[in-house]
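S.K.: no sequence on this one, just coordinates:
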């Protein structure tokens with residue numbers, strides 16, 4: 001099933017509570033489950049091919065974006081690098097290379113307020129999920145067991161999970 005890119009995945013009035021920093025925490029947990037090094041590389045390729053502003057940082061030093069295999073092969077005691085991606089103006093996603101088994105990232109909910117910003121956020125999740133052919137899940141900060149929304153690759157849209 002393919003959706004029309006002109007139809008919003010979510011309506012702000014129906015999901016505003018999921019974007020309330022007081023309820024969700026400022027930085028909810030977003031992740032792509034069941035990944036491997038090739039998924040991280042696909043993420044790096046997507047970012048390089050997109051029009052998104054981005055930077056790769058080790059510690060406090062910006063560097064050229066290496067291969068995913070190189071980043072994930074760093075010593076266990078090495079500092080965790082970040083890939084900072086701006087999918088829209090004033091909307092920052094921070095990817096942390098914690099493990100090859102899951103792609104983890106944060107977005108500040110204060111940057112996603114209102115329908116236009118929600119549409120930009122959903123577009124970002126959709127592009128990421130489509131490219132990886134994987135779900136992208138958002139949970140309240142520190143509550144991986146309570147997904148509030150995510151990209152569903154079968155439906156090809158961002159949706160609120162139904163019990």
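M.R.: Alright, I've got the coordinates. These numbers were taken from a predicted model, which means no experiment stands behind them.
S.K.: what helices or strands is the strand ranked longest in the chain leaning on?
M.R.: Ranked by residue count, the top strand of the chain under DSSP state E comes out as strand 91-99. Judged by 3 or more Cβ pairs under 8 Å, 6 or more residues apart in numbering; DSSP states H and E, strand 91-99 is in contact with helix 68-72, strand 82-88, strand 102-107, helix 115-132. For glycine as for every other residue, the C-beta is placed from the backbone atoms N, C-alpha and C.
S.K.: residues in contact with the lowest-mean-pLDDT helix or strand in the chain?
M.R.: Every helix and strand in the chain was compared by mean pLDDT, DSSP states H and E; the lowest is helix 21-24, with a mean of 88. Outside helix 21-24, the residues that touch it by Cβ atoms under 8 Å, 6 or more residues apart in numbering are 17, 18, 109, 110, 140, 141, 148.
S.K.: switch these over to CSV; also include neighbour count and pLDDT.
M.R.: Formatted as CSV, the contacts of helix 21-24 follow (neighbours: other Cβ atoms under 10 Å; pLDDT from 0 to 100):
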residue, neighbour count, pLDDT
17, 10, 93
18, 19, 92
109, 22, 94
110, 11, 94
140, 16, 90
141, 14, 87
148, 18, 94
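S.K.: now for those, which pair is the farthest apart?
M.R.: Using Cβ to Cβ, the two most remote members of the contacts of helix 21-24 are 110 and 148, lying 16.5 Å apart.
S.K.: which of the helices and strands packed on strand 91-99 sits closest to residue 46?
M.R.: So among the helices and strands packed on strand 91-99, helix 115-132 is nearest, using Cβ to Cβ, at 4.6 Å.
S.K.: now the element after that closest one, going C-ward?
M.R.: Once the chain leaves helix 115-132, the next helix or strand it forms, by DSSP states H and E, is strand 136-139.
S.K.: tell me what the helix or strand following that following strand is packed against?
M.R.: Next in sequence after strand 136-139, counting helices and strands by DSSP H and E, comes strand 149-152. Where contact means 3+ Cβ pairs under 8 Å, 6+ apart, strand 149-152 is packed against helix 115-132, strand 136-139, strand 157-159.
S.K.: buried residues in strand 149-152?
M.R.: Within strand 149-152, the residues scored as buried using 16 or more other Cβ atoms under 10 Å are 149, 150, 151, 152.
S.K.: state the mean pLDDT of stretch 55-68.
M.R.: Here stretch 55-68 scores 94 as its mean pLDDT.
S.K.: for that stretch, buried residues please.
M.R.: 56, 58, 65, 68.
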